[in-house]
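Novice: quick one, fold the following:
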Amino acid sequence: MTIKKIKLIKLRIVKNINGDVLKYLNRGDTFFKKFGEIYFSEIKFKKKKGWNLHKKSQCLISVPYGLVKFTFMDKFKKKKILTIGKKNHSVIVLPPNVWFNFTSLSKTSLVVNTLNYKHDDKETLKLPLK
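Specialist: Purely as a prediction, here's the structure:
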């Protein structure tokens, strides 16, 4: 899979004086395939997590809190960088077989990842960070 298939989709924020509501996902979204698992990953300022690759799972990634820089890399070592957070509230639609890592650009960030398959260590590849 190439990094050209990665999509960035803007999401809706419902403004509220008591605290905004950040829309993320509903079953009618065209990019949503099926539900397997959701996890949240907290990451601290200037810390990096990854490299990860899901062999069969599509990832839907968003950052409801903080600011995070994502680096994606295909098998040809071509890279694509996307930075998301509340100010540009979005979901990254990441197809299978794309390597990714992420770095927090704020004190603490929260990444949410929705997989269309349940997490399986045999399905996920990891490389050390450099």
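Novice: could I get the full set of strands for this protein?
Specialist: Taking DSSP state E to define them, one finds strands in the chain at 7-10, 13-14, 21-22, 37-44, 48-54, 59-65, 67-73, 79-85, 90-94, 99-104, 108-115, 124-126.
Novice: how far off centre is the fourth one?
Specialist: In terms of Cα atoms, centre = their mean, to the nearest Å, the centre of strand 37-44 is found 9 Å from the chain centre.
Novice: residues contacting that strand, please?
Specialist: 49, 66, 68, 102-104, 107-115, 117-119 (Cβ atoms under 8 Å, 6 or more residues apart in numbering). Any C-beta I mention is one placed from the backbone N, CA and C, and that applies to glycine too.
Novice: and residue 79, what are its bridge partners?
Specialist: Per DSSP bridges, the residues bridged to residue 79 are residue 73.
Novice: from residue 117, how far out is the residue of the chain most remote from its centre?
Specialist: In terms of distance from the mean C-alpha position of the chain, residue 17 ranks first, at 27.8 Å (Cα atoms, centre = their mean). As judged by Cβ to Cβ, to the nearest Å, residue 17 and residue 117 stand 40 Å apart.
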